[in-house]
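Asks: model this:
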Amino acid sequence: MGRETVLFKTEEKMGRREAAVLLRQIAEKIDNGRVVLQQGNKRVKLKIPGRVEVEIKAEKEVGKRKTKKKIEVEIEWLVGGAADKGTFSLG
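Replies: Okay, here's the model as predicted:
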């Protein structure tokens, strides 16, 4: 396995509706083939190929005082390559 370098990372609290709007905006950018992530003077440009690998994971973490649930959506691709793996549908 190769070395991983974080190009951009942000984390903030927002309302459910705001989160949905953000995900729709990201989806539109992916559909157009280009995502630009910017915060302050930090800017990362990503060119999205026609084929990508999508991983969706739901998790539950039970702690001593609280329980957390989360949905992770990961989209990855090989630079100069294409991904192909199974089919998935939203229910």
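
Asks: All the helices of the chain, residue numbers only.
Replies: For the chain, the helices defined by DSSP state H cover 16-32.

Asks: Can you give me the domain assignment for it?
Replies: Here the domain assignment for the chain is 1-48, 49-91, based on automatic domain parsing.

Asks: Could you dump these into a markdown table with mean neighbour count and mean pLDDT added?
Replies: C-beta: built from backbone N, CA, C; applies to glycine. Below are those laid out as a markdown table (neighbours: other Cβ atoms under 10 Å; pLDDT from 0 to 100):
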| stretch | mean neighbour count | mean pLDDT |
| --- | --- | --- |
| domain 1-48 | 10 | 95 |
| domain 49-91 | 9 | 85 |
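
Asks: This protein: strands as residue ranges?
Replies: Using DSSP state E, the strands of the chain run over 34-39, 42-47, 53-62, 67-76.

Asks: residues making contact with the second one?
Replies: Strand 42-47 is contacted from outside by 7, 8, 33, 34, 35, 36, 37, 38, using Cβ atoms under 8 Å, 6 or more residues apart in numbering.

Asks: Over to the last one?
Replies: By Cβ under 8 Å, 6+ apart, the surrounding residues in contact with strand 67-76 are 23, 30, 48, 52-61, 83.

Asks: Extract the C-alpha set from that strand and format it as CSV.
Replies: What follows is strand 67-76, C-alpha atoms only, in CSV (Å, rounded to 0.1, in the frame of the first residue of the first chain):
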residue,chain,number,x,y,z
THR,A,67,-23.7,6.6,20.7
LYS,A,68,-22.8,8.0,17.3
LYS,A,69,-23.9,7.0,13.9
LYS,A,70,-22.4,8.1,10.6
ILE,A,71,-22.6,7.7,6.9
GLU,A,72,-19.3,7.8,5.0
VAL,A,73,-19.3,8.3,1.2
GLU,A,74,-15.9,7.8,-0.5
ILE,A,75,-15.3,8.3,-4.2
GLU,A,76,-11.9,7.2,-5.5
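
Asks: Fine by me, we can end here.
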